[in-house]
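Participant: no sequence on this one, just coordinates:
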């Protein structure tokens with residue numbers, strides 16, 4: 001890819017990125033992950049791969065404004081029109097479009113081309129390990145969702161089977177289960193290295209919160225039952 005073409009795509013991406021959890025640095029990390037993965041694969045079309053990586057999240061603004069929209073679908077069409085408008089070949093634009101359209105994990109819309117699979121894996125790597133934890137916490141803060149929720153009996157929920165959105169719910173629903181969903185061996189190996197960190201963080205955070213609740217509730221109940229010590 002010519003540097004001029006790269007700069008054109010990069011500048012368009014920069015104009016579209018407003019979400020701090022899916023910011024330009026996320027785009028660059030995904031691109032660099034993809035290039036690392038691509039070194040272990042054969043016959044990669046780097047022109048398609050680089051363009052798809054740079055533009056894969058340009059539909060985030062549309063989804064944020066209308067949650068009913070899928071940013072992958074919105075972004076794929078947005079990228080397709082941009083490429084055609086700037087004189088790119090229709091076949092090339094279509095290949096980039098398909099990569100973007102299938103980068104989001106959906107069982108009914110799986111990546112088909114090698115470049116699409118590499119983008120999919122590179123994007124998922126940025127949700128693995130410590131980075132995935134950090135980005136999820138950042139996003140939960142943006143949308144004002146809590147770290148955890150409580151069960152009807154007052155205990156801290158692990159997030160499993162929760163309906164109410166929270167960090168723990170997101171971990172159990174998504175983060176915990178992403179490590180077996182990679183297409184390339186390279187990405188799977190990198191993810192495996194990061195998995196331990198994510199597990200340790202979640203377990204440590206849950207134990208700290210749960211211990212605080214259990215000890216605090218027991219102490220509060222003791223004080224409330226003992227009229228001589230109650231300060232409330």
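Facilitator: That came in fine, so what should we check first? None of these values were measured; they are calculated from a predicted model.

Participant: Residue 13: what secondary structure?
Facilitator: helix (DSSP: H, G, I helix; E, B strand; the rest coil).

Participant: So for it, what's the pLDDT?
Facilitator: Looking at residue 13, its pLDDT stands at 96.

Participant: how about the helices of this protein, start to end?
Facilitator: 3-16, 24-38, 46-55, 60-65, 71-85, 90-101, 114-125, 129-142, 167-173, 185-225 (DSSP state H).

Participant: how about those, which one is nearest residue 155?
Facilitator: helix 185-225 (7.1 Å; Cβ to Cβ). For every residue, glycine as well, the C-beta is placed using N, CA and C.

Participant: And for the helix or strand of the chain with the lowest mean pLDDT, what's in contact with it?
Facilitator: Ranking every helix and strand in the chain by mean pLDDT, DSSP states H and E puts helix 60-65 at the bottom, with a mean of 81. Residues from elsewhere that reach helix 60-65 (Cβ atoms under 8 Å, 6 or more residues apart in numbering): 16, 17, 18, 19, 22, 69, 70, 71, 74, 75, 78.

Participant: export the helices of the chain to a markdown table and tack on distance to residue 108?
Facilitator: Listed next are the helices of the chain as a markdown table, based on distance: least, Cβ to Cβ, whole Å:
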| stretch | distance to residue 108 |
| --- | --- |
| helix 3-16 | 26 |
| helix 24-38 | 23 |
| helix 46-55 | 20 |
| helix 60-65 | 18 |
| helix 71-85 | 12 |
| helix 90-101 | 12 |
| helix 114-125 | 14 |
| helix 129-142 | 24 |
| helix 167-173 | 18 |
| helix 185-225 | 22 |
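
Participant: Spell out for me which residue occupies the centre of this protein.
Facilitator: Nearest residue to the geometric centre of the chain (Cα atoms, centre = their mean): residue 127, 4.6 Å.

Participant: Phi, psi for that residue please.
Facilitator: In terms of degrees, to the nearest 10, the main-chain angles of residue 127 are phi -110, psi 0.

Participant: Name the nearest residue to it, sequence neighbours excluded.
Facilitator: In this structure, residue 127 finds its nearest non-sequential neighbour in residue 178, 6.1 Å apart by Cβ to Cβ, 6 or more residues apart in numbering.

Participant: circling back: who touches the residue nearest to the centre of the chain in this structure?
Facilitator: Contacts of residue 127 (Cβ under 8 Å, 6+ apart): 135, 136, 174, 175, 178.

Participant: biggest separation within the residues you listed, which pair?
Facilitator: Farthest pair in those, by Cβ to Cβ: 135 and 178, 12.6 Å.

Participant: per the record, what domains does this structure have?
Facilitator: 1-116, 127-232 (automatic domain parsing).

Participant: and those, which is most packed in?
Facilitator: Compared across the domains of the chain, domain 1-116 shows the largest average neighbour count, a mean of 18 (mean count of other Cβ atoms under 10 Å).

Participant: Show the end-to-end separation of that domain, please.
Facilitator: 18 Å (Cα to Cα, to the nearest Å).

Participant: one step back: show the pLDDT at the residue nearest to the centre of the chain.
Facilitator: 93.

Participant: Now do it against residue 139, distance only.
Facilitator: 10 Å (Cβ to Cβ, to the nearest Å).
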